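K.L.:
With the input below, show me the fold.
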Amino acid sequence: MSSPSAATVNSHPDKPVTRLHGLTYVVVLSIGALGLLMAINQTYTFGLFGFQPLGNSFLYYLIGLFLAVAFLIYPARAADKIQTPWYDWLLAVASIACSLYLGHHGLSIIEEGWDYSAPIEATVVSGVVLALIIEGVRRCGGTPLLVVVVLFGAYPIFADYLPGFLWGTQYTVGETIRAHVMGVESIIGIPMQVVANLVIGFVVFGAALTVTGGGDFFMNFATSLMGGSRGGPAKVAVLSSGLMGSLSGSVISNILTTGAFTIPTMKRTGYPPQYAAAVEACASTGGTLMPPVMGAVAFIMASFLGVPYADVVVAAFLPAVLFYIALLFQVDNYAARKGLKGLPAEEIPKLGPVLKDGWPYLFSLGMLIYMLLFMRLETYAPYYATVVLLAISALKKSHRLNLSRLLELLKELSVSVANLVAILAGIGLVVGGLSYTGVAGAFSRELLLYAGGSVPLMLIAGAVTSFVLGMGMTVSACYIFLSILLAPALVEAGLNPLASHLFILYWGMMSYITPPVSLAAITAANVAGANSWQTGLFSMRLGSVLFILPFMFVVNPALILQGDAAVIIQASITAIAAMWILASALEGYLYRAGMIGWPVRLVLFISGGMMAFPGFKTDMVGLACLILAYVIARLMPTRLSDEKIRG
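P.N.:
Below is the predicted model of the structure:
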């Protein structure tokens, strides 16, 4: 397999958009601008033109607008990939019309309990909305997610017929429709509330940073720092993709932007195409886990846990840093083993001029972080930071937000939010189905019972479940589903709540770099002109730390920066040492020892594994194994050629 199939691409929310031209382009950008204006009006309670809808009405309007955008830009079939057919226009109009009806009656829905008993026309409109949402899920989330949404969305209808813990409160078809659309725990539940109240602002900030030249700045910044070092191009890919991914939260768009530069540069300096693609795939995947912005799922996590978003940012910081440190160690060892050099001096920009030109991006990013962590202004911070960025950028013509950049910003906003709304409105049906029937709590209790109180067994079961679901669902969908079913059981077993939710998120991310799905690896392979299966296997090896990290921080809260400072520092040091040792074992190269054979690598795997988990005894065993590895390497220097060392 050398390229992604149409089905694979069309099943993912980050897939390229090709219908944005002509009338479709104008309408989509107009709706995006209207949606942004409405979100700002709601956030700051401006009451523009006397418009200040109730919370549920606002959510209905937002769903209608951006679901319409989804129908206009994502085709129902491959034959409609270039042009927008008449029935997509009809679906778009129906989305807006139904949302206007529900929004207009928002107060009646609340005061008169329409989710239990409503006028017949309200039930009919709700049924149409459900059908539209299901079609939106099919287009943006693919068939696997569609099956999950329909199955759990319809669960209340047949819950009374199921045995054991699967039994739940039964609803009629009409009651199910009304509960999903006019209740507060389904399509307008927490996922959609998070998009409306938080995520749109961060999408705007990320788009503004990109269209004003932030991508070029972060690329030049990474090149100036690491371009000249051993294996410099790969290190630039790791650093730049981490920086950009932390702001965009999108794996695929990150690969298509930074990867368009980093992958050819790596190939030019001696990296095989599949290895170059794997480096970019892993680095871009990790960006979704890197604060301050991360992906939309981080905001949903904060809402589910009932904690400020800043707490999620702080908790996610060290694990994300450890992931990138491990990647840097691996690409450095690979370069040492292969004798790969850095970029020529003439291709490396000077750090001073780079910072002088790009300080507005760093300033606005620093302002965003300060407002998130210290002022706790999650709702307002991205809008303030965007205004500051655009104001400072206006001082330089090369960074100024001109008309073309404004249109690009609106396009990025429209596409990103349409994806989120279509996916998360569908996931709301899953949340509602499990909530209304009461099955979610019963599932957690049964899981605890079957695990017999064994935390390792529950973690392994959770990892496998997250991994399998992540291969067929988006990360947000996988996380939301398991945060309802699995996370309560992990917390009840005594694990840290925030660490438990991050554990689920990390394992859901594995699908991006793990065959057969490995969408990040497939996308990067296309850019590199490499075989996607080989790229996926290289990505698994490079990203193998993602298999270990979740277990590390879920059993040691110090790695999510919770606990005493001394314990956090000690845990951080041993975790970094573990990343270095495991990277050396994976790549077959040990600092001060050179290339190493399998006997030494096996000892290093044991050493790294011991140091990866908390405890003085395990650290001492790990240190002893490290010393033993050096002794063996000195006494039995490898005679293997570079070609014979496989990693």
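
K.L.:
Give me the buried positions along stretch 385-403.
P.N.:
By 16 or more other CB atoms under 10 Å, the buried positions in stretch 385-403 come out as 385-386, 389-390, 392-393, 399, 401. All C-beta spots, glycine's among them, are computed from the backbone N, C-alpha and C.

K.L.:
any idea how far Leu424 is from Ile110?
P.N.:
Distance, Ile110 to Leu424, using CB to CB, to the nearest Å: 22 Å.

K.L.:
When these two are compared, which one has more neighbours?
P.N.:
Under the criterion of other CB atoms under 10 Å, the comparison of Ile110 against Leu424 puts Leu424 first, with 30 against 16.

K.L.:
that older thread, looking at the buried residues of stretch 385-403, which two lie furthest apart in space?
P.N.:
Using CB to CB, the pair of the buried residues of stretch 385-403 lying farthest apart is Ala385 and His399, separated by 15.2 Å.

K.L.:
Can you give me every residue that contacts Pro292?
P.N.:
246-247, 313, 365, 368-369, 372 (CB atoms under 8 Å, 6 or more residues apart in numbering).

K.L.:
what about the protein, any weak spots by pLDDT?
P.N.:
Applying pLDDT under 70 to the chain picks out residues 1-17, 249, 472, 637-647.

K.L.:
And it, split by domain according to the record?
P.N.:
Structural domains annotated on the chain: 6-140, 192-315+334-424, 565-647, as defined by automatic domain parsing.

K.L.:
Turn these into CSV, including distance to Met473.
P.N.:
Converted to CSV, the domains of the chain look like this (distance: least, CB to CB, whole Å):
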stretch, distance to Met473
domain 6-140, 10
domain 192-315+334-424, 9
domain 565-647, 28
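
K.L.:
picking that back up, closest one to Met182 out of the buried residues of stretch 385-403, please.
P.N.:
Looking across those and measuring by CB to CB, the closest to Met182 is Thr386, at 34.0 Å.

K.L.:
that's a helix at the closest one, yeah?
P.N.:
Yes - counting by DSSP: H, G, I helix; E, B strand; the rest coil, Thr386 is found in a helix.

K.L.:
That one is in contact with Gly206, isn't it?
P.N.:
No - the criterion here is CB atoms under 8 Å, and Thr386 misses it with Gly206 at 9.3 Å.

K.L.:
circling back to that earlier point, would you mind finding the most buried of the domains of the chain?
P.N.:
domain 192-315+334-424 (a mean of 22; mean count of other CB atoms under 10 Å).

K.L.:
got the end-to-end distance for that domain?
P.N.:
One end of domain 192-315+334-424 sits 6 Å from the other (CA to CA, to the nearest Å).

K.L.:
what helix or strand does Tyr630 sit in?
P.N.:
helix 616-635 (DSSP states H and E).

K.L.:
again, but for Gly563
P.N.:
Counting by DSSP H and E, no helix or strand carries Gly563.

K.L.:
Need phi/psi at it.
P.N.:
Backbone dihedrals for Gly563, given as degrees, to the nearest 10, come out at phi 120, psi -170.

K.L.:
Can you show me the strands along this structure?
P.N.:
589-590, 594-595 (DSSP state E).

K.L.:
Now tabulate those strands in TSV and tack on distance to Leu447.
P.N.:
As requested, the strands of the chain are arranged in TSV below (distance: least, CB to CB, whole Å):
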stretch	distance to Leu447
strand 589-590	42
strand 594-595	46
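
K.L.:
Which one, of the ones you listed, ends up nearest to Trp86?
P.N.:
Ranking the strands of the chain by proximity to Trp86 (CB to CB) places strand 589-590 first, at 60.5 Å.

K.L.:
Output the contacting helices and strands for that closest one.
P.N.:
helix 309-338, helix 616-635 (3 or more CB pairs under 8 Å, 6 or more residues apart in numbering; DSSP states H and E).

K.L.:
how far does the first one sit from the chain's center?
P.N.:
Yep, that's helix 309-338 we're talking about. Remark: helix 309-338 is offset 16 Å from the chain centroid, using CA atoms, centre = their mean, to the nearest Å.

K.L.:
What segments of the stretch 301-450 of the chain are helices?
P.N.:
Taking DSSP state H, counting those that start in this stretch, the helices of the stretch 301-450 of the chain run over residues 309-338, 351-373, 381-393, 403-437, 439-451.

K.L.:
Tabulate the helices and strands packed on strand 589-590 (TSV), appending distance to Ser500.
P.N.:
TSV is the format used below for those (distance: least, CB to CB, whole Å):
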stretch	distance to Ser500
helix 309-338	11
helix 616-635	22
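
K.L.:
Between those helices, which one is closest to Gln570.
P.N.:
Nearest of the helices and strands packed on strand 589-590 (CB to CB): helix 616-635, 8.7 Å.

K.L.:
packing partners for the closest one?
P.N.:
Helix 616-635 sits against helix 565-587, strand 589-590, helix 598-611, with contacts defined as 3+ CB pairs under 8 Å, 6+ apart.

K.L.:
That helix to helix 598-611, inter-axis angle?
P.N.:
Between the axes of helix 616-635 and helix 598-611, defined by axes from the mean of the first three to the mean of the last three CA atoms, to 10 degrees, the angle is 160 degrees.

K.L.:
Can you name the residues in contact with helix 616-635?
P.N.:
Under CB under 8 Å, 6+ apart, the answer for helix 616-635 is 574, 577-578, 581, 590, 592-594, 596, 599-600, 603-604, 606-611.

K.L.:
show me the contacts for Tyr161.
P.N.:
Gln170.

K.L.:
From His399, how far off is it?
P.N.:
In terms of CB to CB, Tyr161 sits 62 Å off from His399.

K.L.:
swap in Tyr101?
P.N.:
Distance, Tyr101 to His399, using CB to CB: 44 Å.

K.L.:
Same question for Gly536.
P.N.:
According to CB to CB, Gly536 stands 38 Å off from His399.
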